[in-house]
Structures are given as C-alpha cells and as structure tokens.
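> have a look at this prediction, sequence included:
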Amino acid sequence: NIKDIHSVLEVTVYDEDRDRSADFLGKVAVPLLYIQNGEQKAYVLKNKQLTGPTKGVIYLEVDVIFNAVKACLGSLVPKEQKYIEDESRLSKQLLLRNFIRMKRCAMVLVNAAYYINSCFDWDSPQRSLAAFL
C-alpha cells in the first residue's frame, strides 16, 4: 500500500538462478503521478543509486487507484526530498588551513590585548590620551 500519491515507485530487478545468488540487474524509479493506468511502458534500468543507466529495459503495466481528496491534502503538505550528500573526509590540507585560520584569530586577539595594555601603561602618551578621550 502506498500512502502518498506524490511518492515514487522503486522497482529493483534481480536475476535469480537456482545454483547462484541473485545478481543485480538494475533499478527504476517511477513517480506515481506519471503512471497512466493500463498502459505498458518501457523503462531503462539504472544503477543502485539511480544515477546512471545500466544495460537493460523493463516493461511495466501498472494500475494506480487513489483517493483524490487524500491526494489533494497530501499536496498541501509536501514531503522533503532525498538528497545524496557526499561523505566529508578529513584531510591534512583542510586541517592545516583551519589551524592557520585559528592561529590568525588568536594573534588578532593577542595584538588587541597588547594594544589595550600599552594604553593603560602610557607607553605612548598621545595614543593613551586619544584612546581614553
């Protein structure tokens, strides 16, 4: 059972032999809204992540029966889309760049502290006078 007419029907195709394990042939994702009842349609098989084509075609004939009122209510509150996010890896270059950035920030704070301290010590009377006025 499918609860949302806006969802996608994913069909995975395997080649099963009696003496060997199942071999992955391809996968297809079909949005339910694009299905036309009773019509046989050919779909090109794609890889497991659905990012590129593989060899093969599958013919599907599907009938979709749904409640139009519930489908309209589902349209008002759309679902979040799936995004493929690359896994970030730790690299020496990135770590070094972040360390140098933090070092610069720390040096700015140290220099500001030296400047404020020199104003209080009256190392330069003109600068101290200008800072406190």
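Yep, that arrived. Residues are numbered from 1 along each chain as shown.

> residue boundaries of the strands in this structure?
With strands called from DSSP state E, the chain shows them at 8-15, 23-31, 40-46, 53-61.

> buried residues, the shortest one. List them.
Along strand 40-46, the positions that meet the burial threshold by neighbour count (16 or more other CB atoms under 10 Å) are 43, 45-46. C-beta: built from backbone N, CA, C; applies to glycine.

> pick the most buried one from the strands of the chain.
Most buried of the strands of the chain by mean neighbour count (mean count of other CB atoms under 10 Å) is strand 23-31; its value is a mean of 15.

> contact partners of the lowest-mean-pLDDT helix or strand in the chain?
When each helix and strand of the chain is scored by mean pLDDT, DSSP states H and E, helix 68-76 comes last, with a mean of 78. Contact with helix 68-76 is made by 4-6, as judged by CB atoms under 8 Å, 6 or more residues apart in numbering.

> tell me the spacing between C72 and P31.
Distance of C72 to P31, computed by CB to CB, to the nearest Å: 17 Å.

> repeat for W122
Where P31 is concerned, W122 sits at a distance of 75 Å (CB to CB).

> and I84, by the same measure?
18 Å.
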